[in-house]
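[1] the amino acid sequence is not available; the structure is as follows:
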């Protein structure tokens, strides 16, 4: 079904979720925002990120995540961590978990009737046998690079899915 685009409101809303909302989910938010803008969909897709836990609320994304994203064309510096809420399932048509643990945590707070909004990011990545985007926190620069690559693959597939499902003309 195609969504009618209202100039005042996004046609579709996407929420990316990881554990603390300082590495993976803000990276996915920034990469998806940049990809959406390149696709001519800026302002038509609402994009946010959150964490399943409260530990990092109010903090900016991890500096290494910011540096890698910026080098590849996505800005994260303005983002601040927040905790996901059950009400988010009513606001966001797509609630995208970075891994199966995050998905399980989200399923536990998902209101009845909104289960179809919950997805794993890498379920949208064609040709990627991996299902979980690994948490790079506390790991090497190489771990952040690998996480970024997986997020890029998932974001590309998710954007293609959303374009097909919501913006076909």
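    Thanks, I have the structure now. Small disclaimer: the values here were computed from a predicted structure and weren't measured.
[2] give me the buried positions along the helix ranked longest in the chain.
    Identified as the longest helix of the chain according to DSSP state H is helix 141-166. Buried residues in helix 141-166, counted by 16 or more other C-beta atoms under 10 Å: 143-144, 146-148, 150-159, 162, 166. The way it works is simple: take the backbone N, C-alpha and C, and place the C-beta from them, glycine included.
[3] also stretch 87-106?
    For stretch 87-106, burial by neighbour count (16+ other C-beta under 10 Å) applies to 88-89, 92-99, 102-103, 105-106.
[4] tell me how far it is from the chain's mean position?
    9 Å (C-alpha atoms, centre = their mean, to the nearest Å).
[5] could you give the mean pLDDT of that stretch?
    The average of the pLDDT scores along stretch 87-106 is 97.
[6] and if you look at stretch 159-169?
    The model assigns stretch 159-169 a mean pLDDT of 89.
[7] now the helices for this protein?
    24-38, 63-71, 88-91, 100-109, 141-166.
[8] residues making contact with the shortest one?
    If you take C-beta atoms under 8 Å, 6 or more residues apart in numbering as the criterion, helix 88-91 is touched by 13, 15, 50, 95, 110, 111, 114, 117, 118.
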